[in-house]
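Enquirer: With the input below, show me the fold.
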Amino acid sequence: MRIVVAAKYVPDIATERGFQDRRVVRDPGEGTLNELDENAIEAALRLVEAERESGRIGPDDGEVIVVTMAGPDGDVALRKAFQLGVDRGIRVSDDALAGSDYFGTAAVLAAAVRRIGEQAPVDLVVTGMAALDGLGSVVPTLLGAELGLPVLNLAKKVELGSGDDAERVLTITREIDGVTERLSGPLPAVLSVTDAANQPRFPGFKLIMAARTKEIEAWSLADLGLDPAVAGTAGARTETLSATPRPERAEPEIVTDKGEGGVALADFLIRNDLV
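Expert: Numbers count the residues shown, from 1 in each chain. Below is the predicted model of the structure:
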């Protein structure tokens with residue numbers, strides 16, 4: 001069982017964020033591993049562990065590889081992934097990647113998965129349901145299209161079994177608009193999970209220490225055999241036309257209740273079209 005997790009280095013949502021030249025400002029040292037990708041890593045680790053426990057693979061077999069598309073500061077995300085227990089971390093870095101949109105990102109990640117597959121077959125690609133900086137939620141589907149694989153999105157429960165002909169079958173449960181769906185598809189496949197799929201494990205001290213020095217592989221577009229024109233601003237199919245700062249929050253109106261607080265509240269709701 002060999003699983004690739006596509007993870008993203010994102011600005012810390014607790015910090016003040018903004019745009020410069022119509023792009024999100026990504027200051028080094030203020031980013032982190034996308035929180036929803038921790039659920040993807042946990043899902044991958046659990047699938048490999050289940051395969052070992054069932055005896056379908058040996059106790060030392062199975063591999064979880066995390067790939068991210070970022071500059072050198074993206075190593076922060078990979079170090080966090082190592083702390084959670086992944087086996088390999090790969091960072092795709094290239095100046096030509098600046099300004100990549102969802103389509104370019106999917107093309108680059110797919111190329112990385114294909115290169116990993118040249119070493120040994122990849123059984124599954126896992127992602128979080130969205131990246132918290134953009135919340136587009138489309139990269140898993142675009143990644144599946146690039147790889148020509150079935151896509152099982154928004155899973156809150158993941159099960160791996162076998163079909164009638166010993167084909168490995170992935171089954172997910174998901175909830176969309178109040179409807180519970182159960183979907184299945186053969187491996188290899190692309191899977192995205194929600195934050196309801198699991199509770200990411202707490203890093204152990206041994207893994208935290210090992211993560212500090214674990215090797216991070218750095219690949220360029222040339223390593224992937226990709227034309228720079230497929231990614232970055234040159235290959236973007238979308239464009240941010242404008243970006244304006246969020247307006248300052250108005251000072252709160254404080255009303256001292258002297259017996260007419262209810263009337264003041266009703267007036268406020270009516271005046272602001274909140275009823």
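Enquirer: in what helix or strand does residue 6 lie?
Expert: Using DSSP states H and E, residue 6 falls within strand 2-7.
Enquirer: so what does that strand touch, helix or strand wise?
Expert: helix 35-54, strand 63-69, helix 75-84, helix 102-119, strand 124-128 (3 or more Cβ pairs under 8 Å, 6 or more residues apart in numbering; DSSP states H and E). Glycine gets a C-beta too; all of them are placed from N, C-alpha and C.
Enquirer: and residue 191, what helix or strand is that in?
Expert: strand 189-193.
Enquirer: ignore the last one, residue 132
Expert: Judged by DSSP H and E, residue 132 forms part of no helix or strand.
Enquirer: And for residue 160?
Expert: Going by DSSP H and E, residue 160 is part of strand 157-162.
Enquirer: Mind checking what helix or strand follows that strand in sequence?
Expert: strand 168-176.
Enquirer: counting contacts, what elements does that next one pack onto?
Expert: Using 3+ Cβ pairs under 8 Å, 6+ apart, strand 168-176 is in contact with strand 151-155, strand 157-162, strand 179-186, strand 189-193.
Enquirer: that older thread, centre of the chain to the strand holding residue 160, how far?
Expert: In terms of Cα atoms, centre = their mean, to the nearest Å, the centre of strand 157-162 is found 21 Å from the chain centre.
Enquirer: swap in stretch 148-155?
Expert: 14 Å.
Enquirer: With stretch 105-117 instead?
Expert: Using Cα atoms, centre = their mean, the offset of stretch 105-117 from its chain centre is 15 Å.
Enquirer: Which residues are in contact with residue 210?
Expert: residue 82 (Cβ atoms under 8 Å, 6 or more residues apart in numbering).
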